[in-house]
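Participant: My questions concern the predicted model and sequence given below.
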Amino acid sequence: MLTFVARRVALMIPTLVLISIVTFTIIQLPPGDFLTTYVTNLSAQGEQVDPAEVAALRARYGLDEPLPAQYLTWIWGIVSDGDFGRSFEWNRPVAEMISDRLPLTIVFMAATVVFTWIIAFPIGLYSAIRQYSITDYVATTIGFLGLAIPNFLLALALMWMGLNVFGQDSVGGLFSPEYRDAAWNLGKVLDLAGHLWVPMVVLGTAGTAGLIRILRANLLDELRKPYVTAARARGMPERRLLLRYPMRVALNPFVSTIGWVLPVLIGGEVIVSSVLSLETTGPLLLSSLQSQDMYLAGSIILLVSVMTVIGTLISDLLLAWLDPRIRHGMA
Amino acid sequence: MSRPTDVDPATPDAELAVASQRTLVWRALRRHKLAMAGLVITCLLYLVAVFADFLSPYDPGDINADYAYAPPQQLHVVDTSDGWDWGLYVNGYEQTRDPETLAQTFRENPDEKIPVRLFARGPEYKLFGLISTDIHLLGPDDPDGPPMYLLGASRTGHDQLSRILHGTRISMSIGLVGLAMAFALGVVLGGASGYFGGKVDAVIQRVVEFFMSVPAIPLWLGLAAALPRDWGPLQRYLAITVILSIINWTDLARVVRGRFLALRGEDFVTAAYLDGISRRRIIGRHLLPSFSSHLIAAMTLSIPAMILAETSLSFLGLGLRPPTVSWGVLLSDVDVRALETAPWLLLPGLAVVTAVLAINFLGDGLRDAADPYQS
């Protein structure tokens, strides 16, 4: 097991390096370097630009050096003292801006993953055992719809319902106005829980639909295997039979899907949060991209990608722990 | 199964035994009702895309500020105002302005009738980009009279129906163009990976894994945001399709690799190799045709992802931009205020869901039918 963990962690490193290179490329893509843009913006607003400050920034980010050197400066700043650069739109350190929003993003993601499981598990199980029953057809249809409706459309539809059916006047956001700037207390946590379910449902649909289909397909494959027939022939009660053997095998994708659900969720989060104006990293990424505030945008892309890679790692390790075939490299 | 020589050639069984793979796939697909429905709807959508100019009453760029947020009108087929008579018409609008908020409200005026006719004259366009004409399927009798808005109007008074029909063009074609590029990447890299195996396979598989482990949407957004602002609609369209295919080729590559790996050891491949046939010919003539149905299924299933991606990108303002009309661009008009006053602006979303569902069902059916020799 230890060698497996070591190998898996070692494999992660090239991926992380590659991600950082891709991110850096994205930061560099807009024409001109960001400092020129920054100075132009300031001058356009009629502000005085101190040439010494510009020169200092130029030296700090190594702008006169070749690109590989700039990349090294950038990544070294992040690794050594968490300096992600500066947001030129907000004139604040990127690290500070992200740390305001990252915890809520993680809470939101985790809640959505749990929600996805809780919904997908019983439905997938039921529609596999009662294949071609009405419930199975309903679940399949909902599953297809969940995959076909873009997240933002669902968010808009729910907002429309909130406005017209439930008569709410404020939809969106994660907190009621009275808690928005309050310190954390029980009331604020409850308020968050009350607001979180709408984005959670919106974001969770696609993942839930996918999981139901996978669980159903896997369980159906397992149920047809000879060992199930053998156990049944020996008179094992159906419920115990189901939960003891095929279920355990079919559960693997639940763990391994964290790997592919996370990228989908993190991507969807950007869209859903922007529509519902949540206080997470998604809308920040979008606005920074629209204004080509590339250090902020790049840092968020880097962080969410790293989060995905770590999530995938955790799911792989869990899977290896659950399934000896994977641990010993047999499957 | 009985050998073909044993049975009377006239019976259907005998036909089945000698039927080509294409016939068998088609037979299997025809049994799949949802897939057939999907096929019909998909074909209709592409027809709409081709004939969008003819089907829509107006040019998608036409605006009429007097009719901002005008609600959908009902198309009457039967005229009962004066006895009973066939007659196409819509009711005109009665406009009132709220004295306090200055908001415009529209009400249908049952007394005002705007006659509507089939094959009406309207704005001029070029059918297939060649034939100049001004005949539209449906339009007000008098092209200079009051307009009709069967699906409502946008904030600037665009006809929503014409815009959705024209949006079909971009939204449905972007899937195909993006797919063509993803296909090229997927088949070449997946094929090399599966056919050569070894080191080539290992390297390509790492690249595929990398693309699958990175959250796609932030990457698209980053790439799309980096596109120069001054690019024209066509350049943007092409750039967006490239971005979509960069992310979407991995699934195709995996399918191709899997099939190559499965077929590489088959006897007919070894036989061809022993006959001294070149590698290129083995791939092109022996391997590719034997899994082309799988490939078509996988390709069909990747179109919806492209359509959804374009819609999301354009909705966020990072994909296509007006004056280009796509379903995503249309949906980007929707904000909280529009939701309250003009919920019909959500209608392009219905088009997206219909298209994605139809192509998904079709792809699912194709996947099930792809291997007609099974079972």
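Facilitator: Arrived safely.
Participant: For the rest of this, base every contact and every neighbour count on C-alpha atoms.
Facilitator: Will do.
Participant: distance of A:M294 from A:L18?
Facilitator: A:M294 is 18 Å from A:L18, where distance means C-alpha to C-alpha, to the nearest Å.
Participant: Those two: who's more crowded?
Facilitator: When A:M294 and A:L18 are compared for neighbours, A:M294 comes out ahead with 30 against 13, by other C-alpha atoms under 10 Å in any protein chain shown.
Participant: quick one: that one from B:I217, how far?
Facilitator: Per C-alpha to C-alpha, A:M294 is found 16 Å from B:I217.
Participant: And B:K126, by the same measure?
Facilitator: 37 Å.
Participant: Report the closest residue of the stretch 1-150 of chain A relative to chain B.
Facilitator: A:P30 (5.0 Å; C-alpha to the nearest C-alpha).
Participant: Give me the neighbour count for that residue.
Facilitator: A:P30 - counted by other C-alpha under 10 Å - has 18 other residues nearby.
Participant: hang on, it packs against B:A224?
Facilitator: No: under the criterion of C-alpha atoms under 8 Å, A:P30 makes no contact with B:A224, lying 10.3 Å away.
Participant: Which neighbours do these two have in common?
Facilitator: Applying C-alpha atoms under 8 Å, 6 or more residues apart in numbering or on different chains, one finds that no residue jointly contacts A:P30 and B:A224.
Participant: Find the nearest non-adjacent residue to the spatially most central residue of chain A, please.
Facilitator: With distances taken as C-alpha atoms, centre = their mean, the residue of chain A nearest its centroid is A:I266 (2.4 Å). Leaving aside its sequence neighbours, A:I266 sits nearest to B:P215 (C-alpha to C-alpha, 6 or more residues apart in numbering or on different chains; 6.4 Å).
Participant: Tell me how many other residues surround that neighbour.
Facilitator: Using other C-alpha under 10 Å, B:P215 is surrounded by 27 other residues.
Participant: Next: B:A120.
Facilitator: If you count neighbours by other C-alpha under 10 Å, B:A120 ends up with 18.
Participant: So what does residue 93 look like in phi/psi?
Facilitator: If you meant another chain, say so; for now it's chain A. With angles defined as degrees, to the nearest 10, A:P93 sits at phi -60, psi 140.
Participant: try again with chain B
Facilitator: Torsion angles, degrees, to the nearest 10, at B:Y93: phi -100, psi 150.
Participant: Which parts of the chain are strands?
Facilitator: Looking at chain A here, since you left the chain open. With DSSP state E, the ranges of strands along chain A come out as A:86-87, A:92-93.
Participant: Switch to chain B, please.
Facilitator: Under DSSP E, chain B gives strands at B:76-79, B:85-97, B:104-127, B:131-140.
Participant: who does the shortest one pair up with?
Facilitator: Put plainly, it is strand B:76-79. strand B:85-97 (antiparallel) (DSSP bridges).
Participant: and the residue of the stretch 151-300 of chain B found nearest chain A, what does it touch?
Facilitator: Distances between the stretch 151-300 of chain B and chain A by C-alpha to the nearest C-alpha are smallest at B:P215, namely 4.0 Å. Each residue near B:P215 by C-alpha under 8 Å, 6+ apart is listed here: A:262-264, A:266-267, A:304-305, A:308.
Participant: care to break chain B down by domain?
Facilitator: Domain ranges of chain B: B:37-50+B:164-374, B:69-151, per automatic domain parsing.
Participant: now the last one: mean pLDDT?
Facilitator: Read it as domain B:69-151. The pLDDT scores in domain B:69-151 average 73.
Participant: and the residue nearest to the centre of chain A, what does it touch?
Facilitator: Counting by C-alpha under 8 Å, 6+ apart, A:I266 touches A:109, A:304, A:308, B:215, B:217.
Participant: Please narrow the residues you listed to those residing in helices.
Facilitator: Here DSSP state H is the test, and the contacts of A:I266 give A:109, A:304, A:308, B:217 as lying in helices.
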